[in-house]
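Q: next one to model:
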Amino acid sequence: MPSARVDPAGGCRYRSGHTSPWRVGAPRCGSDWPAKLRKPSPKNERHVYLTESKLAELLEAVPERYKVERQVILLAMLTGMRRGELMGLEPANVYNGRIVLRPNQTKSGKQRVIPLTEEALPLVEGLPFDTTGDRVRGAFEKAREKIGRPDIRFHDLRHCYASLLASKGEALTSIRDLLGHSSLTVTSRYAHADPARWESVVAKLPRISNQTATTH
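A: I've put the predicted structure just below:
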């Protein structure tokens, strides 16, 4: 095997002139060893999930002067809609107890239908919202500071909506459609929130330890 010397560029260079710092069994050059490769962080890896009680606490913390902004924040909690989608809502988007977003109103460019609860219905009676995205952000930031959670972002309300649905046993395919995800790969991040899903898996596994022992 050819001898090696330290290469100024930081690798091990053989006398043949080939740099091979990743070859199995490559000689160690000085005290340095090639840095361990790291996988790139997946997009949107950061997730914050709030409980129903914590969401209620956040909503109550919105200052009184932000009445319309409070409605926007509550509707975000109840629909999982993005802030831009909420600010673009018009009376024509509400039909038969549902919000119907047109393709030009969604990130995916596809129509999306979101059912409204009884709590959400009064919030869409006066569309469009008489406020701005900056005022909504300001109201939200003041509320999160008041409850001691400056780490929460408005977009986290979308994650909370999906996580709560999953915890109630809603199918991931339904959550995918409600959020407007292009595939289940993105939606699968919420699978952990459905305990019944894993309980059903465990129920299918056989018992092993109480089987009749085999003597030899």
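
Q: what helices or strands is the helix or strand hosting Ser174 leaning on?
A: Ser174 belongs to helix 172-179 when assigned by DSSP states H and E. Judged by 3 or more C-beta pairs under 8 Å, 6 or more residues apart in numbering; DSSP states H and E, helix 172-179 is in contact with strand 112-115, helix 156-167, helix 184-187. Every C-beta, even on glycine, is put in place using the N, C-alpha and C of the backbone.

Q: again, only using 7 Å
A: Here helix 172-179 touches helix 156-167, helix 184-187, going by 3 or more C-beta pairs under 7 Å, 6 or more residues apart in numbering; DSSP states H and E.

Q: need the winner for burial among those.
A: helix 156-167 (a mean of 22; mean count of other C-beta atoms under 10 Å).

Q: pLDDT-wise, which helix or strand of the protein ranks last?
A: Lowest on mean pLDDT, DSSP states H and E among the helices and strands of the chain sits strand 12-14, with a mean of 43.

Q: continuing past that one, what's the next helix or strand?
A: With secondary structure assigned by DSSP H and E, strand 12-14 is succeeded by helix 52-60.

Q: look up how far Gly84 lies from Gly126.
A: 19 Å (C-beta to C-beta, to the nearest Å).

Q: quick one: low-confidence parts of this structure?
A: 1-46, 184, 186, 190-202, 204, 210-216 (pLDDT under 70).

Q: number of nearby residues for Leu50?
A: When counting by other C-beta atoms under 10 Å, one arrives at 20 neighbours for Leu50.

Q: who's in contact with it?
A: 58, 160 (C-beta atoms under 7 Å, 6 or more residues apart in numbering).

Q: mind doing that once more with 8 Å?
A: 58, 152, 156, 160 (C-beta atoms under 8 Å, 6 or more residues apart in numbering).

Q: same question, Met77
A: So Met77 contacts 55, 59, 157, 160-161 (C-beta under 8 Å, 6+ apart).

Q: need the residues you listed in JSON lines with distance to Thr132, can you?
A: Shown next, in JSON lines, are those (distance: C-beta to C-beta, whole Å):
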{"residue": "Leu55", "distance to Thr132": "23"}
{"residue": "Leu59", "distance to Thr132": "20"}
{"residue": "Leu157", "distance to Thr132": "18"}
{"residue": "Cys160", "distance to Thr132": "23"}
{"residue": "Tyr161", "distance to Thr132": "23"}
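
Q: and the furthest pair within those residues?
A: Farthest pair in these (C-beta to C-beta) is Leu59 and Tyr161. Separation: 13.4 Å.

Q: on that earlier part again, the inter-axis angle of the helix holding Ser174 versus helix 156-167?
A: Helix 172-179 runs at 150 degrees relative to helix 156-167, counting by axes from the mean of the first three to the mean of the last three C-alpha atoms, to 10 degrees.

Q: what comes up buried for helix 172-179?
A: By 16 or more other C-beta atoms under 10 Å, the buried positions in helix 172-179 come out as 172, 175-176, 178-179.

Q: now these in CSV, with distance to Ser188?
A: Putting those into CSV (distance: C-beta to C-beta, whole Å) gives the following:
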residue, distance to Ser188
Leu172, 6
Ile175, 10
Arg176, 9
Leu178, 15
Leu179, 12
